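Engineer: I would like to see how this sequence folds:
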Amino acid sequence: MLRGFRRRAVPADRPALPRPAPGEGGHALRSPSRLHAFNRYEIKYLVDARTAGELRQEIEGLLDRDRHSGDAGYGVWSVYYDTRRLRFYWEKVEGLKFRRKLRVRHYGDRFAVTPDTPVHVEIKQRVNRVTQKRRVRLPYRDALLLCDGRELVEHEPPERGFLEEVLDLVCRLDLRATAMTGYQRHAYVGRGADVGLRVTFDQRVRGRDRDFHLAADAENRLIVPAGKTIVEVKANERVPYWLTDLTAKRNLQVIRVSKYCQSVEAYGLAPRSIFHIPGHDLGPFPDSDLNHGRASALTAPPEG
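Structural biologist: Sure, this is the predicted structure:
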């Protein structure tokens, strides 16, 4: 039984969040419900900028560019919640076969975030080798009310079970905002026989350990070396042979890395684990030259 939070009724005239316009990207997320879930395998590599550029050039003709990427890519910002003793962090470091984490995620220009901006409240969990992600799209004010205010927000009937699960985690484990990450992403999606495949290139990975409001005029610092790119391959069932050959040709090594853990360790919230990526200078990194002036949010966001 859930305790420690209040319930809010759902008014009949509740305004809907904006829906994707015809022709916009993110078609995989177009469904009657704002609740979305999927399972997949994830493989990560850490590569230098030159290798990442070469790899992107090779897959340009084999995969479709995510419609949000364009030439500049798009920003991804996440606020992670954890216990006082960093339970979720330690579950990752210790490699538990079942582990999860809670976050609020925004795609696009964080400086333009308002209380009405759509964001995602997500539970990402690992079950053996499979990554499962479930999320619901809410106005930013409701996401904060849910995760920080510990109140059940207005919702559609299919969303209730997920929202109550979030509240159970927040209340039972006494979760609070712990670290924030942000990066610039270029993404590619599979076509034909490779439907379900997604390859992302994350650069300028930075974070902070305070001032967790998405639009806060706060300083972010690099948490991964500036010349490094995190390449992630995400597949529903299998990675195609041609992609395996591309990574093998460059002798890319699979790594265990978590941007959340990297941020926690970079700011000294926990000792650096054997998975920590060294070499970042923790120097201030201005965000204003990346996404400022772009759309306030991606109304049909990517899959992650």
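
Engineer: neighbours around residue 103, how many?
Structural biologist: 24 (other Cβ atoms under 10 Å). For every residue, glycine as well, the C-beta is placed using N, CA and C.

Engineer: now swap in residue 274 and tell me
Structural biologist: Once other Cβ under 10 Å is used to define contacts, residue 274 is seen to have 6 neighbours.

Engineer: can you check the one 10 residues further on too?
Structural biologist: Residue neighbour count, defined by other Cβ under 10 Å, stands at 10 for residue 284.

Engineer: ditto for residue 90
Structural biologist: For residue 90, using other Cβ under 10 Å, the count is 17.

Engineer: 3 is where my numbering starts, stick with that
Structural biologist: Done: numbering now begins at 3, and the last item shifts to residue 92.

Engineer: host element of it?
Structural biologist: helix 89-95 (DSSP states H and E).

Engineer: Check which element follows that helix along the chain.
Structural biologist: As assigned by DSSP H and E, the chain's next helix or strand after helix 89-95 is strand 100-109.

Engineer: And the contacts of that next one?
Structural biologist: Here strand 100-109 makes contact (Cβ atoms under 8 Å, 6 or more residues apart in numbering) with 70, 76-84, 90, 93-94, 115, 119, 121-130, 137, 142, 145-146, 149, 168, 171-172, 177, 216, 262, 299-300, 303-304.

Engineer: And for stretch 129-136?
Structural biologist: With Cβ under 8 Å, 6+ apart as the test, stretch 129-136 has contacts from 37-44, 99-100, 124-128, 164, 236, 306.

Engineer: chain center to that stretch, what's the gap?
Structural biologist: Between the centre of stretch 129-136 and the centre of its chain there are 14 Å (Cα atoms, centre = their mean, to the nearest Å).

Engineer: and that stretch, what's its mean pLDDT?
Structural biologist: Per-region confidence: stretch 129-136 scores 89 on mean pLDDT.

Engineer: Using PDB, write out every CA atom in it.
Structural biologist: Listed next in PDB are the C-alpha coordinates belonging to stretch 129-136 (Å, rounded to 0.1, in the frame of the first residue of the first chain):
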ATOM      1  CA  VAL A 129      17.200  -7.500 -16.000                       C
ATOM      2  CA  ASN A 130      20.200  -9.700 -16.700                       C
ATOM      3  CA  ARG A 131      21.400  -8.400 -20.100                       C
ATOM      4  CA  VAL A 132      18.200  -6.700 -21.200                       C
ATOM      5  CA  THR A 133      17.600  -3.000 -20.600                       C
ATOM      6  CA  GLN A 134      14.000  -2.100 -20.000                       C
ATOM      7  CA  LYS A 135      12.700   1.500 -20.100                       C
ATOM      8  CA  ARG A 136       9.300   2.700 -19.100                       C
END
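
Engineer: If you count neighbours, what's buried in that stretch?
Structural biologist: Neighbour counts over stretch 129-136 (16 or more other Cβ atoms under 10 Å) mark 133, 135-136 as buried.
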